[in-house]
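Visitor: Sequence first, predicted coordinates after that:
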Amino acid sequence: MSLKANPDSGYVWHMKRNCSFTPKQVGLFYLSMVCFSSLIASYFWWQGAWMILPFTLTELLVLGIALLIYARHASDYEKIRLNGTEFTIELFLGNRRTVKHWNAPWVRVKDPEPNLDAKKQLVVLEMGQETIQIGQFIFADQRAGLAKEIRSAIKGVLH
């Protein structure tokens, strides 16, 4: 989680998934696996072991599907901006981007519920009937601090 506070641009909380590979790196890795496996399969096919080809194709197909699922969520993030009385929540999960613009004085911030599973202990933001849960990309013990930071930033803007 990163917090950027600037008197001119307000507050920005940016939380993103911790991933080892970017989608571009995943593509390059898959390309290298296709080349390497195809080279080995071609050698065995040339030697007369033609049954290696279906196994190589199956291996590359399964690996491709797994890497596609990984790459789809590698760039997921949650971003919260507080600029004056404008409170913006931006969620990017999979290929779906959700942006909500709320009025900061009306936003209620609820702490994570301690009796739930750690993965379900998310910070709840509410305005009217709308509810958004945030904090899935930070550690469970940091979520209460995130709620406190957002709450104090909203109070600071209002006073």
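Guide: Good, I have the coordinates.

Visitor: For Cys35, give me phi and psi.
Guide: Backbone torsions of Cys35, given as degrees, to the nearest 10, read phi -60, psi -50.

Visitor: Kindly report the same for Thr131.
Guide: Dihedral angles for Thr131 - degrees, to the nearest 10 - are phi -140, psi 130.

Visitor: Relative to Gln47, how far out is it?
Guide: Using CB to CB, to the nearest Å, we find Thr131 at a distance of 62 Å from Gln47. C-beta coordinates here come from the backbone N, C-alpha and C atoms, glycine included.

Visitor: for Gly84, same thing?
Guide: 71 Å.

Visitor: try Phe87
Guide: From Phe87 to Gln47 the distance is 66 Å (CB to CB).

Visitor: neighbour count winner among those two?
Guide: Between Phe87 and Gln47, counted using other CB atoms under 10 Å, Phe87 has the larger neighbour count: 25 against 9.

Visitor: Who are the packing partners of the host helix or strand of that one?
Guide: Counting by DSSP states H and E, the element that carries Phe87 is strand 86-93. Strand 86-93 sits against strand 77-83, strand 96-103, strand 130-134, with contacts defined as 3 or more CB pairs under 8 Å, 6 or more residues apart in numbering; DSSP states H and E.

Visitor: And the protein, what are its domain boundaries?
Guide: According to automatic domain parsing, the chain is divided into the following domains: 2-17+76-158, 23-73.

Visitor: Include mean pLDDT when you put these into TSV, please.
Guide: What follows is these, written out as TSV (pLDDT from 0 to 100):
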stretch	mean pLDDT
domain 2-17+76-158	86
domain 23-73	93
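
Visitor: now, of those, which is deepest in the fold?
Guide: domain 2-17+76-158 (a mean of 15; mean count of other CB atoms under 10 Å).

Visitor: Quick one: distance of it to the chain centre.
Guide: From the chain centre to the centre of domain 2-17+76-158 is a distance of 14 Å (CA atoms, centre = their mean, to the nearest Å).
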